[in-house]
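A.B. asks: sequence-free structure coming up:
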């Protein structure tokens with residue numbers, strides 16, 4: 001692809017605190033540069049979901065605007081160029097330049113992706129997640145793990161919380177016994193310890209699986225992203241509180257592709273990723289609250305509250321899973337695990 005180097009104006013940079021990043025407006029430049037570099041960016045989200053346009057497409061447009069057109073991002077829906085599960089390899093090989101996607105898909109290959117994704121009970125607010133990644137330095141270790149696979153890890157993008165939809169009420173630890181849940185990643189490992197039975201179901205088959213009783217519940221991101229999959233139609237309960245305050249997606253780029261853009265554009269790209277995470281967290285949070293209210297008022301659903309004992313067990317089992325990841329991946333999770341324990345101490349939880 002043809003590249004023409006320009007120096008973006010500093011007014012396109014996002015600077016300051018996380019709060020400033022969240023509210024920054026990236027104005028389109030007066031003119032788009034000619035001879036741009038164009039990347040295709042594929043997501044795991046299907047078109048038709050509200051967040052495909054409101055979060056993903058807007059992110060792609062912001063990159064184009066913030067770089068004055070030097071880097072143009074073309075959004076691609078789920079399975080648009082490659083199957084979702086093949087996106088990591090496609091990005092690594094340059095068959096696809098980039099992806100706005102979900103780390104849980106490659107935890108088996110990059111265990112450190114679990115730390116990016118988010119362990120149950122590890123943070124409640126976006127600021128806590130952001131502090132762990134950027135202030136404590138967890139993201140740098142995660143980037144090393146991805147780089148070993150030929151991938152540049154640009155950073156997390158918050159999808160707000162991990163919400164459980166269920167067809168039976170969950171309030172105590174005992175209520176999890178025998179509960180069949182569509183789950184992935186480290187959350188599934190924690191549910192096993194709670195006595196539940198995780199089941200792997202593709203997103204396209206999830207609605208029918210809930211409708212026919214193949215599973216008794218599911219998590220598909222937050223309340224609002226689950227709503228986008230129509231989970232409210234085939235579940236009676238939403239469990240409170242969210243088990244992860246901020247479940248993260250990610251933005252990845254092939255290392256070779258990344259090396260071909262200027263340091264200035266790389267810096268802008270990283271800042272837009274961080275700003276988008278803060279903005280998306282508020283975007284999803286507001287919709288989580290409004291959809292939860294609709295679930296009760298319009299769907300006749302019920303919000304059930306986990307008791308303190310269940311929450312403590314979830315947090316304790318989650319730290320056990322963190323340690324298991326550290327043992328099987330000493331090079332990266334072996335560093336991240338102790339950091340996460342220290343983070344929980346700083347939060348006063350252990």
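C.D. replies: Cool, got the structure. Keep in mind it's a predicted model, so treat the numbers as computed, not measured.
A.B. asks: list the buried residues for the strand or helix carrying residue 289?
C.D. replies: Using DSSP states H and E, residue 289 sits in helix 263-297. Buried residues in helix 263-297, defined by neighbour count with 16 or more other Cβ atoms under 10 Å: 264-266, 268-281, 283-285, 287-288, 291-292, 295. Placement of C-beta: from N, CA and C, glycine included.
A.B. asks: swap in stretch 120-132?
C.D. replies: Residues of stretch 120-132 classed as buried by neighbour count (16+ other Cβ under 10 Å): 120, 121, 122, 123, 124, 126, 127, 128, 129, 130, 131, 132.
A.B. asks: so who does residue 165 touch?
C.D. replies: If you count contacts by Cβ atoms under 8 Å, 6 or more residues apart in numbering, residue 165 has them with 210, 217, 218, 219, 220, 226, 231, 232, 235, 237, 238, 239.
A.B. asks: nearest residue to the third one in space, please, no chain neighbours.
C.D. replies: Just to be clear, that refers to residue 218. Sequence neighbours aside, residue 182 is the residue nearest to residue 218 in space, at 3.8 Å (criterion: Cβ to Cβ, 6 or more residues apart in numbering).
A.B. asks: kindly state the beta-bridge partners for the one you found.
C.D. replies: On the basis of DSSP bridges, residue 182 is bridged to residue 199, residue 218.
A.B. asks: quick one: residue 144 from residue 282, how far?
C.D. replies: 30 Å (Cβ to Cβ, to the nearest Å).
A.B. asks: do residue 209 as well
C.D. replies: Distance from residue 209 to residue 282, by Cβ to Cβ: 31 Å.
A.B. asks: same question, residue 248
C.D. replies: Per Cβ to Cβ, residue 248 is found 15 Å from residue 282.
A.B. asks: hang on, the earlier thing: residue 157: which of the contacts of residue 165 is nearest?
C.D. replies: Distances from residue 157 to those, taken as Cβ to Cβ, are shortest for residue 220 (16.1 Å).
A.B. asks: distance of the spatially closest residue to that closest one that is not a sequence neighbour relative to residue 301?
C.D. replies: Once flanking residues are discounted, residue 220 sits nearest to residue 226: 4.4 Å by Cβ to Cβ, 6+ apart. Computed as Cβ to Cβ, the residue 226 to residue 301 distance reads 12 Å.
A.B. asks: what's the neighbour count on the residue nearest to residue 218?
C.D. replies: Residue 182: 24 surrounding residues under other Cβ atoms under 10 Å.
A.B. asks: need the contact list for it.
C.D. replies: 198, 199, 200, 201, 206, 209, 210, 215, 217, 218, 219, 220.
A.B. asks: can you do 7 Å?
C.D. replies: Residues near residue 182 by Cβ atoms under 7 Å, 6 or more residues apart in numbering: 199, 201, 206, 209, 215, 218.
A.B. asks: now swap in residue 133 and tell me
C.D. replies: Applying Cβ under 7 Å, 6+ apart, we find residue 133 in contact with 139, 156.
A.B. asks: that one: what secondary structure?
C.D. replies: What DSSP: H, G, I helix; E, B strand; the rest coil gives for residue 133 is helix.
A.B. asks: same question, residue 48
C.D. replies: coil.
A.B. asks: how long is stretch 111-127 end to end?
C.D. replies: End-to-end distance for stretch 111-127, by Cα to Cα, to the nearest Å: 24 Å.
A.B. asks: just how off-centre is it within its chain?
C.D. replies: With Cα atoms, centre = their mean, to the nearest Å as the basis, stretch 111-127 stands 9 Å off its chain's centre.
A.B. asks: ok, and what's touching it?
C.D. replies: So stretch 111-127 is in contact with 18, 103-104, 106-107, 129, 132, 138, 141-142, 145, 156, 158, 185-187, 190, 243-248, 250, 278, 281, 314-315, 318, 321-322, 325, 328-329, 332-333, 336, 340, going by Cβ under 7 Å, 6+ apart.
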